[in-house]
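1. can't give you the sequence, but here's the structure:
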(Lines give C-alpha, C1' and ligand atoms only; values in the text may rest on other atoms or scores of the structure.)
Protein backbone atom coordinates (compact mmCIF):
# COMPACT_ATOMS: atom_id res chain seq x y z
CA UNK A 1 0.00 0.00 0.00
CA UNK A 2 1.27 3.46 -0.89
CA UNK A 3 -0.08 6.88 -0.03
CA UNK A 4 -0.04 9.84 -2.39
CA UNK A 5 1.18 13.01 -0.71
CA UNK A 6 -0.76 16.25 -1.32
CA UNK A 7 -3.56 14.69 -3.36
CA UNK A 8 -3.59 15.21 -7.13
CA UNK A 9 -0.64 17.58 -6.85
CA UNK A 10 1.45 14.75 -5.43
CA UNK A 11 0.28 12.44 -8.21
CA UNK A 12 1.78 14.78 -10.78
CA UNK A 13 5.14 14.75 -9.00
CA UNK A 14 5.13 11.02 -8.28
CA UNK A 15 5.22 11.81 -4.57
CA UNK A 16 4.35 8.37 -3.21
CA UNK A 17 4.92 7.15 0.35
CA UNK A 18 4.89 3.48 1.43
CA UNK A 19 2.31 2.85 4.14
CA UNK A 20 3.00 -0.04 6.48
CA UNK A 21 1.20 -1.04 9.65
CA UNK A 22 3.45 1.19 11.78
CA UNK A 23 2.87 4.17 9.48
CA UNK A 24 -0.89 4.12 9.98
CA UNK A 25 -1.00 2.93 13.58
CA UNK A 26 -3.25 5.14 15.70
CA UNK A 27 -4.39 7.49 12.93
CA UNK A 28 -7.99 6.33 13.18
CA UNK A 29 -8.48 8.67 16.15
CA UNK A 30 -6.67 11.67 14.66
CA UNK A 31 -8.09 14.59 12.71
CA UNK A 32 -6.63 15.90 9.47
CA UNK A 33 -4.61 13.68 7.13
CA UNK A 34 -1.08 12.30 7.41
CA UNK A 35 -0.83 12.48 3.61
CA UNK A 36 -1.67 16.20 3.57
CA UNK A 37 -3.80 17.73 0.86
CA UNK A 38 -3.57 20.50 -1.74
CA UNK A 39 -5.45 22.02 -4.63
CA UNK A 40 -3.93 21.35 -8.03
CA UNK A 41 -4.45 23.79 -10.89
CA UNK A 42 -2.17 21.68 -13.07
CA UNK A 43 -4.38 18.60 -12.77
CA UNK A 44 -7.21 20.46 -14.51
CA UNK A 45 -5.33 20.12 -17.82
CA UNK A 46 -5.44 16.92 -19.90
CA UNK A 47 -1.68 16.67 -20.35
CA UNK A 48 -1.16 16.65 -16.60
CA UNK A 49 -3.93 14.09 -16.14
CA UNK A 50 -2.03 11.90 -18.61
CA UNK A 51 1.09 12.34 -16.52
CA UNK A 52 -0.69 11.46 -13.28
CA UNK A 53 -2.11 8.27 -14.80
CA UNK A 54 1.32 7.40 -16.17
CA UNK A 55 2.91 7.85 -12.76
CA UNK A 56 0.37 5.52 -11.17
CA UNK A 57 0.58 2.83 -13.82
CA UNK A 58 4.36 3.10 -13.93
CA UNK A 59 4.54 2.55 -10.18
CA UNK A 60 2.42 -0.58 -10.50
CA UNK A 61 -0.53 0.85 -8.57
CA UNK A 62 -3.48 -1.50 -9.08
CA UNK A 63 -6.15 0.74 -7.62
CA UNK A 64 -6.46 4.35 -6.45
CA UNK A 65 -8.75 5.41 -3.60
CA UNK A 66 -9.70 9.10 -3.73
CA UNK A 67 -11.21 10.70 -0.63
CA UNK A 68 -13.06 13.99 -1.14
CA UNK A 69 -16.06 15.58 -2.80
CA UNK A 70 -17.48 15.71 -6.31
CA UNK A 71 -14.49 17.72 -7.58
CA UNK A 72 -12.09 15.02 -6.41
CA UNK A 73 -14.34 12.38 -7.94
CA UNK A 74 -14.31 14.16 -11.30
CA UNK A 75 -10.54 13.96 -11.18
CA UNK A 76 -10.73 10.26 -10.35
CA UNK A 77 -13.01 9.72 -13.34
CA UNK A 78 -10.40 11.28 -15.63
CA UNK A 79 -7.84 8.82 -14.32
CA UNK A 80 -10.27 5.93 -14.85
CA UNK A 81 -10.58 6.95 -18.50
CA UNK A 82 -6.81 6.61 -18.71
CA UNK A 83 -6.72 3.04 -17.44
CA UNK A 84 -6.44 3.51 -13.68
CA UNK A 85 -8.83 1.56 -11.45
CA UNK A 86 -10.38 4.11 -9.08
CA UNK A 87 -12.72 4.27 -6.11
CA UNK A 88 -14.13 7.34 -4.40
CA UNK A 89 -14.83 7.76 -0.70
CA UNK A 90 -17.02 10.76 0.20
CA UNK A 91 -15.24 12.94 2.72
CA UNK A 92 -16.53 16.47 3.40
CA UNK A 93 -18.02 18.30 6.37
CA UNK A 94 -20.64 19.74 4.00
CA UNK A 95 -22.42 16.36 3.56
CA UNK A 96 -23.55 17.56 0.14
CA UNK A 97 -22.47 14.61 -2.00
CA UNK A 98 -25.40 13.00 -3.78
CA UNK A 99 -25.76 9.25 -3.61
CA UNK A 100 -24.85 8.86 0.07
CA UNK A 101 -26.79 9.65 3.22
CA UNK A 102 -23.65 10.63 5.08
CA UNK A 103 -20.11 11.78 4.31
CA UNK A 104 -17.04 11.26 6.46
CA UNK A 105 -16.38 14.28 8.66
CA UNK A 106 -19.90 15.64 8.77
CA UNK A 107 -20.94 14.27 12.15
CA UNK A 108 -17.70 15.42 13.77
CA UNK A 109 -18.19 18.92 12.36
CA UNK A 110 -21.76 19.01 13.68
CA UNK A 111 -20.58 18.01 17.16
CA UNK A 112 -17.78 20.60 17.10
CA UNK A 113 -20.08 23.40 15.94
CA UNK A 114 -22.80 22.38 18.37
CA UNK A 115 -20.40 22.58 21.30
CA UNK A 116 -19.61 26.18 20.38
CA UNK A 117 -23.28 27.02 19.84
CA UNK A 118 -24.30 25.73 23.27
CA UNK A 119 -21.59 27.83 24.91
CA UNK A 120 -22.81 30.88 23.02
CA UNK A 121 -26.39 30.19 24.02
CA UNK A 122 -25.32 30.38 27.68
CA UNK A 123 -23.93 33.86 27.02
CA UNK A 124 -26.95 34.92 24.98
CA UNK A 125 -29.37 33.94 27.74
CA UNK A 126 -27.31 35.74 30.38
CA UNK A 127 -27.17 39.01 28.45
CA UNK A 128 -30.52 38.94 26.59
CA UNK A 129 -28.88 39.10 23.19
CA UNK A 130 -29.28 37.87 19.66
CA UNK A 131 -26.38 35.73 18.46
CA UNK A 132 -25.59 34.96 14.83
CA UNK A 133 -23.36 31.92 14.37
CA UNK A 134 -21.78 31.44 10.96
CA UNK A 135 -20.87 27.86 10.05
CA UNK A 136 -19.29 26.42 6.93
CA UNK A 137 -21.35 25.66 3.84
CA UNK A 138 -20.70 27.69 0.70
CA UNK A 139 -23.21 25.88 -1.48
CA UNK A 140 -25.14 23.73 0.98
CA UNK A 141 -26.83 24.03 4.34
CA UNK A 142 -26.60 20.52 5.75
CA UNK A 143 -24.19 21.52 8.51
CA UNK A 144 -26.14 24.66 9.40
CA UNK A 145 -29.43 22.77 9.50
CA UNK A 146 -28.25 19.98 11.79
CA UNK A 147 -26.57 22.47 14.13
CA UNK A 148 -29.72 24.61 14.19
CA UNK A 149 -31.99 21.70 15.08
CA UNK A 150 -29.65 20.27 17.72
CA UNK A 151 -28.90 23.71 19.15
CA UNK A 152 -32.51 24.83 19.35
CA UNK A 153 -31.92 27.83 17.08
CA UNK A 154 -34.74 30.26 16.45
CA UNK A 155 -33.81 30.42 12.75
CA UNK A 156 -31.50 28.85 10.18
CA UNK A 157 -30.38 30.48 6.93
CA UNK A 158 -29.14 28.17 4.16
CA UNK A 159 -28.24 28.52 0.45
CA UNK A 160 -31.05 26.19 -0.62
CA UNK A 161 -33.80 28.50 0.67
CA UNK A 162 -34.30 32.05 -0.62
CA UNK A 163 -33.43 34.46 2.19
CA UNK A 164 -36.13 36.93 3.22
CA UNK A 165 -35.12 39.54 5.79
CA UNK A 166 -38.73 40.48 6.56
CA UNK A 167 -39.65 36.91 7.40
CA UNK A 168 -36.63 36.59 9.68
CA UNK A 169 -37.47 39.82 11.52
CA UNK A 170 -41.07 38.69 11.96
CA UNK A 171 -39.81 35.45 13.49
CA UNK A 172 -37.56 37.30 15.93
CA UNK A 173 -40.45 39.57 16.91
CA UNK A 174 -42.68 36.53 17.48
CA UNK A 175 -40.04 34.96 19.72
CA UNK A 176 -39.98 38.14 21.83
CA UNK A 177 -43.78 38.20 22.05
CA UNK A 178 -43.68 34.64 23.38
CA UNK A 179 -41.33 35.70 26.15
CA UNK A 180 -37.94 34.79 24.69
CA UNK A 181 -35.32 37.32 25.74
CA UNK A 182 -32.54 35.93 23.54
CA UNK A 183 -32.32 34.27 20.14
CA UNK A 184 -29.89 32.27 18.05
CA UNK A 185 -29.55 32.32 14.26
CA UNK A 186 -27.40 29.74 12.47
CA UNK A 187 -26.11 31.01 9.13
CA UNK A 188 -24.41 29.02 6.36
CA UNK A 189 -21.45 31.05 5.08
CA UNK A 190 -22.53 30.80 1.44
CA UNK A 191 -25.62 32.97 1.93
CA UNK A 192 -23.88 36.13 3.13
CA UNK A 193 -21.23 37.18 5.66
CA UNK A 194 -22.54 37.11 9.21
CA UNK A 195 -21.49 40.73 9.76
CA UNK A 196 -23.68 41.80 6.84
CA UNK A 197 -26.64 39.95 8.31
CA UNK A 198 -26.03 41.56 11.69
CA UNK A 199 -26.01 45.03 10.15
CA UNK A 200 -29.21 44.39 8.22
CA UNK A 201 -31.00 43.12 11.33
CA UNK A 202 -29.80 46.00 13.47
CA UNK A 203 -30.70 48.61 10.85
CA UNK A 204 -34.17 47.12 10.31
CA UNK A 205 -35.22 45.98 13.77
CA UNK A 206 -32.72 47.49 16.19
CA UNK A 207 -31.78 44.20 17.84
CA UNK A 208 -28.45 44.06 19.69
CA UNK A 209 -26.79 41.30 17.69
CA UNK A 210 -23.45 39.58 18.21
CA UNK A 211 -21.58 37.56 15.59
CA UNK A 212 -19.42 34.45 15.94
CA UNK A 213 -17.73 32.92 12.90
CA UNK A 214 -16.65 29.38 13.71
CA UNK A 215 -14.37 29.10 10.69
CA UNK A 216 -11.80 26.33 10.39
CA UNK A 217 -12.31 25.03 13.92
CA UNK A 218 -15.08 22.95 12.33
CA UNK A 219 -12.54 21.06 10.22
CA UNK A 220 -10.23 19.89 12.98
CA UNK A 221 -10.24 17.73 16.07
CA UNK A 222 -10.52 14.04 16.77
CA UNK A 223 -13.31 12.33 14.82
CA UNK A 224 -16.47 11.20 16.58
CA UNK A 225 -17.39 7.52 16.80
CA UNK A 226 -19.89 7.79 13.94
CA UNK A 227 -17.20 9.09 11.58
CA UNK A 228 -14.63 6.52 12.70
CA UNK A 229 -17.02 3.66 12.04
CA UNK A 230 -18.23 5.14 8.74
CA UNK A 231 -14.67 5.66 7.49
CA UNK A 232 -13.75 2.11 8.47
CA UNK A 233 -16.74 0.65 6.65
CA UNK A 234 -16.24 2.73 3.53
CA UNK A 235 -12.49 2.14 3.41
CA UNK A 236 -12.89 -1.62 3.66
CA UNK A 237 -15.65 -1.65 1.04
CA UNK A 238 -13.57 0.40 -1.41
CA UNK A 239 -10.51 -1.84 -1.13
CA UNK A 240 -12.53 -5.04 -1.36
CA UNK A 241 -14.38 -3.81 -4.46
CA UNK A 242 -11.16 -2.74 -6.18
CA UNK A 243 -9.62 -6.13 -5.38
CA UNK A 244 -12.68 -7.75 -6.98
CA UNK A 245 -12.05 -5.85 -10.22
CA UNK A 246 -14.53 -2.99 -9.84
CA UNK A 247 -13.69 0.60 -10.82
CA UNK A 248 -15.33 4.00 -11.26
CA UNK A 249 -17.52 3.76 -8.16
CA UNK A 250 -17.91 5.60 -4.87
CA UNK A 251 -18.76 4.15 -1.50
CA UNK A 252 -22.09 5.35 -0.16
CA UNK A 253 -24.19 4.87 2.94
CA UNK A 254 -27.83 4.18 2.07
CA UNK A 255 -30.23 3.09 4.80
CA UNK A 256 -27.21 2.07 6.93
CA UNK A 257 -25.92 -0.21 4.17
CA UNK A 258 -22.78 0.41 2.12
CA UNK A 259 -23.59 0.80 -1.57
CA UNK A 260 -21.32 1.32 -4.61
CA UNK A 261 -22.93 3.78 -7.07
CA UNK A 262 -20.99 5.15 -10.03
CA UNK A 263 -18.84 8.23 -9.40
CA UNK A 264 -20.91 10.43 -11.70
CA UNK A 265 -23.85 10.30 -9.27
CA UNK A 266 -21.94 12.76 -7.10
CA UNK A 267 -22.03 15.57 -9.68
CA UNK A 268 -25.03 14.71 -11.84
CA UNK A 269 -27.52 14.84 -8.95
CA UNK A 270 -28.10 17.55 -6.34
CA UNK A 271 -28.62 16.30 -2.81
CA UNK A 272 -31.65 17.97 -1.18
CA UNK A 273 -31.96 19.13 2.39
CA UNK A 274 -34.28 17.17 4.65
CA UNK A 275 -37.61 19.09 4.61
CA UNK A 276 -38.58 17.51 7.93
CA UNK A 277 -35.56 19.07 9.63
CA UNK A 278 -36.39 22.46 8.10
CA UNK A 279 -39.90 22.12 9.49
CA UNK A 280 -38.53 21.22 12.92
CA UNK A 281 -36.56 24.46 13.11
CA UNK A 282 -39.79 26.35 12.39
CA UNK A 283 -41.73 24.40 15.01
CA UNK A 284 -39.18 23.98 17.79
CA UNK A 285 -37.39 27.31 17.43
CA UNK A 286 -40.30 29.22 18.97
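-> Received it, and whenever you're ready, just let me know what you need. Keep in mind it's a predicted model, so treat the numbers as computed, not measured. Numbering: from 1, shown residues only.
2. for the stretch 1-150 of the chain, which segments count as strands?
-> 2-4, 16-18, 64-68, 86-90, 130-135 (DSSP state E, counting those that start in this stretch).
3. quick one, which of the ones you listed is packed in tightest?
-> With neighbours defined as mean count of other C-beta atoms under 10 Å, those peak in mean count at strand 86-90, which reaches a mean of 27. C-beta: built from backbone N, CA, C; applies to glycine.
4. mind listing what that one pairs with, with the direction of each?
-> strand 64-68 (parallel), strand 249-250 (parallel) (DSSP bridges).
5. quickly list the domain ranges of this protein.
-> With automatic domain parsing serving as the domain definition, the record reports that the chain contains domains spanning 2-105+223-268, 107-220.
6. ends of the longest one, what's the gap?
-> The distance separating the two terminal residues of domain 2-105+223-268, taken as C-alpha to C-alpha, to the nearest Å, comes to 31 Å.
7. ditto for the shortest one
-> The straight-line separation of the ends of domain 107-220 (C-alpha to C-alpha) is 12 Å.
8. residue 155 touches residue 281, doesn't it?
-> Yes - counting by C-beta atoms under 8 Å, residue 155 touches residue 281, with 7.1 Å between them.
9. give me the common contacts of the two.
-> residue 148 (C-beta atoms under 8 Å, 6 or more residues apart in numbering).
10. CSV for the strands paired with strand 86-90, including mean pLDDT and distance to residue 18?
-> Putting the strands paired with strand 86-90 into CSV (pLDDT from 0 to 100; distance: least, C-beta to C-beta, whole Å) gives the following:
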stretch, mean pLDDT, distance to residue 18
strand 64-68, 97, 15
strand 249-250, 98, 26
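11. so which of those is nearest residue 175?
-> Among the strands paired with strand 86-90, the nearest to residue 175 by C-beta to C-beta is strand 64-68 (39.6 Å).
12. any idea how far residue 125 is from residue 251?
-> 42 Å (C-beta to C-beta, to the nearest Å).
13. what is the burial count for residue 101?
-> 16 (other C-beta atoms under 10 Å).
14. try residue 139
-> Residues lying near residue 139 (other C-beta under 10 Å) number 12.
15. just residue 174 next, same as before
-> 13.
16. ok, back up a step: next, format the strands paired with strand 86-90 as a markdown table and append distance to residue 136.
-> Output for the strands paired with strand 86-90, formatted as a markdown table (distance: least, C-beta to C-beta, whole Å):
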| stretch | distance to residue 136 |
| --- | --- |
| strand 64-68 | 15 |
| strand 249-250 | 22 |
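17. perfect, that will be all.
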